[in-house]
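**Q** Could you work out the structure for the sequence below:
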Amino acid sequence: MKLKTNDFQKKMILIVDDIPNNLKVLFDILNNSGFKVSIAKSGESALQKAQETLPDLILLDVMMPGIDGFETCRRLKNNQKTKDIPVIFMTALSESVEKVKGLHLGAVDYITKPIEHEEVLARINVHLELRRMQLKLVQEEKMSSLGQLVAGIAHEINNPVSFISGNLIYAQKYIENLLKLLQLYENYTPDTIQEIQEFSQFIELNFLKEDLPKLLSSMMVGSNRIQEIVLSLRIFSRLDEAEIKKVDLHIGIDSTLMILHSRLRATQERPAIELIKEYGELIPIECYAGQINQVFMNLLSNAVDAIDEKINNVRLPKIEKAGVDKLTCLPTQFPTPNSILPKSKIEFTPQIKIRTELTKDQKFRLIQIIDNGIGISREVQQRIFEQFFTTKDVGKGTGLGLAIAHQIIVEKHRGTLEVKSVSGHGSQFIITIPIYRIED
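**A** The predicted structure is shown next:
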């Protein structure tokens, strides 16, 4: 039995056993079935490797020197980074109390020694599929909750802002008429009463007549801005468009950028992020609009995060290549890898470029999102679309964003999602989506 794996991202299995022969047998079985395999010969080594590589599944021997499999499992489940990795115990023990103990500690299954080829692959297959379904459920729940939340906020904001905007039109007209009437009084009654003159000076009437129309105009601009944001929220959520339909991807990108506007502005740490839009020929495509917008949100948010991380990283990373283009905003000659520069000394213009175009055969739309942030190492690029894999600190990333984006583009739309990056040079995410829906 050979498990069907995705050529783009093979699943990684961590084998933990102190007996070399067991390791060799399992390594051969899994390697020949298309898995990436990592090996640990002790519980301590397993904890370190699991933390560093975040495997998709762990095969864990119960009886080992040092900390045994039960203690290793307990520590894995107490670690925020490794707690969601499925653990399958391997044991020659048959007592049910031992199996119950392992399940209580968080293991998902047991494999009995001596190892049976078919049984190992079957159990791994089941638990990897369960984990894949977990991701799918998380995605669907997240999409539903996000869409409902965004649509609800847009609705709640839309009602009062529509009331304000509608009344501002009349307020502006009324005030124009009142100012015109005041001007007529001043023209035909130049000799006013002393009390009126004093009050006019007190309220700075001349300034008021000049500033009040400007004030109303700025209020109208603010009201229109809120309405634009509300419209962007409604476009982004696409709650009423759950089915496939033709949409303009540029509208989805622009609505996402509107929502992210506050994150693109200048901060105390960096100048405003320069946004470069190179939109190609306008051709609507058949897609799930709300889900595609979620992909845009994730990729653009990550681009901002990468730029901020580069700003905050005072130790410059080792640069692998020199002479990059303007978008990277990196000098052609670099300091030594270990040199440290104050943040104020680093000249850096943060940029995000969004480029769209059609393929030569006019069958696919290409979307490229390019940033000049911190970049992604080769090791991380190999696993970046794996579910639950994240390089962010605990509480700042779930490891689901890019995995969900990959699933939306590849599985739901039969497209492709690729990443190109050199550490320190920024990153480029390339989306390819068919113009017309490719049926299953």
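**Q** Helix or strand: which one has the one residue sitting closest to the centre of the chain?
**A** Residue closest to the average C-alpha location in the chain (C-alpha atoms, centre = their mean): residue 298, at 2.7 Å. According to DSSP states H and E, residue 298 maps onto helix 289-312.
**Q** Skipping adjacent residues, who's closest to the residue nearest to the centre of the chain in space?
**A** residue 401 (4.5 Å; C-beta to C-beta, 6 or more residues apart in numbering). (Glycine included, C-beta is placed from N, CA and C.)
**Q** show me what contacts that neighbour?
**A** Applying C-beta atoms under 8 Å, 6 or more residues apart in numbering, one finds that residue 401 lies in contact with 298, 301-302.
**Q** how about the strands in the protein?
**A** With DSSP state E, the ranges of strands along the chain come out as 12-16, 36-40, 57-61, 87-91, 109-112, 245-247, 274-278, 285-287, 351-358, 364-371, 416-421, 427-434.
**Q** Out of these, which one sits most buried?
**A** Highest mean neighbour count of the strands of the chain: strand 57-61, a mean of 26 (counted as mean count of other C-beta atoms under 10 Å).
**Q** Taking strand 36-40 as reference, get the angle to that strand.
**A** 30 degrees (axes from the mean of the first three to the mean of the last three C-alpha atoms, to 10 degrees).
**Q** Now the helix ranked longest in the chain: average pLDDT?
**A** When the chain is parsed with DSSP state H, its longest helix is helix 117-188. Computed over helix 117-188, the mean pLDDT rounds to 81.
**Q** So which of the contacts of residue 401 is the closest to residue 66?
**A** residue 302 (39.0 Å; C-beta to C-beta).
**Q** can you tell me which residues contact that closest one?
**A** Residue 302 is in contact with 401-402, counting by C-beta under 8 Å, 6+ apart.
**Q** how does this structure divide into domains?
**A** Residue ranges for each domain of the chain read 12-115, 141-237, 245-434, as given by automatic domain parsing.
**Q** any chance of these in JSON lines, plus distance to residue 127?
**A** Rendered in JSON lines, the data for the domains of the chain read as follows (distance: least, C-beta to C-beta, whole Å):
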{"stretch": "domain 12-115", "distance to residue 127": "5"}
{"stretch": "domain 141-237", "distance to residue 127": "21"}
{"stretch": "domain 245-434", "distance to residue 127": "13"}
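**Q** Go through these and find the least confident stretch.
**A** Mean pLDDT per stretch puts domain 245-434 lowest among these, at a mean of 78.
**Q** Ends of that one, what's the gap?
**A** For domain 245-434, the separation between the terminal residues is 13 Å (C-alpha to C-alpha, to the nearest Å).
**Q** Would you check that residue 260 makes contact with residue 299?
**A** No - shown here, residue 260 and residue 299 do not form a contact pair, counting by C-beta atoms under 8 Å, at 10.9 Å.
**Q** Compare the two (neighbour count), which wins?
**A** Set residue 260 next to residue 299 and count neighbours by other C-beta atoms under 10 Å: residue 299 wins out with 23 against 20.
**Q** between the strands of the chain, which gets nearest to residue 129?
**A** Closest to residue 129 of these is strand 57-61 (C-beta to C-beta; 11.1 Å).
**Q** Name every sheet partner of that closest one and say whether each one runs parallel or antiparallel.
**A** Applying DSSP bridges to the sheet, strand 57-61 is found paired with strand 12-16 (parallel), strand 87-91 (parallel).
**Q** chain center to it: distance?
**A** Here strand 57-61 is found 30 Å from its chain centre; the criterion is C-alpha atoms, centre = their mean, to the nearest Å.
**Q** who's in contact with that strand?
**A** Contacts with strand 57-61, where a contact means C-beta under 8 Å, 6+ apart, come from 11, 13-19, 22, 26, 46, 50, 69, 72-73, 76, 85-91, 107, 111, 120, 124, 127-128, 131.
**Q** Taking helix 117-188 as reference, get the angle to that strand.
**A** For strand 57-61 against helix 117-188, the angle by the same axes, to 10 degrees is 140 degrees.
**Q** Return the alpha-carbon coordinates of strand 57-61 using PDB.
**A** Extracted in PDB, the C-alpha atoms of strand 57-61 (Å, rounded to 0.1, in the frame of the first residue of the first chain):
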ATOM      1  CA  LEU A  57       2.800  13.100  12.600                       C
ATOM      2  CA  ILE A  58       5.000  11.400  15.200                       C
ATOM      3  CA  LEU A  59       5.600   7.600  15.600                       C
ATOM      4  CA  LEU A  60       6.700   7.400  19.200                       C
ATOM      5  CA  ASP A  61       8.200   4.300  20.900                       C
END
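**Q** which residue sits closest to residue 367, ignoring its sequence neighbours?
**A** Spatial nearest neighbour of residue 367, chain neighbours left out: residue 431 (4.2 Å); criterion: C-beta to C-beta, 6+ apart.
**Q** wait, the one you found sits on residue 416?
**A** Yes - counting by C-beta under 8 Å, residue 416 is a contact partner of residue 431 at 7.3 Å.
**Q** Overlap of the contact sets of the two?
**A** Taking C-beta under 8 Å, 6+ apart as the criterion, residue 431 and residue 416 both touch residue 409.
**Q** of all the strands paired with strand 57-61, which lies closest to residue 217?
**A** Relative to residue 217, the nearest member of the strands paired with strand 57-61 by C-beta to C-beta is strand 12-16, separated by 59.9 Å.
**Q** Pull the residues that contact that closest one.
**A** Here strand 12-16 makes contact (C-beta under 8 Å, 6+ apart) with 23, 26-27, 30, 35-43, 45-46, 49-50, 53, 55-61, 64, 69, 72, 124, 383.
**Q** so how far is the helix holding residue 298 off the chain centroid?
**A** How far helix 289-312 lies from its chain's middle: 5 Å, per C-alpha atoms, centre = their mean.
**Q** what residues are up against residue 55?
**A** 12-14, 38, 49, 85.
**Q** before we move on, the earlier item: name the nearest of the contacts of residue 401 relative to residue 177.
**A** Here the nearest of the contacts of residue 401 to residue 177, counting by C-beta to C-beta, is residue 301; it sits at 47.9 Å.
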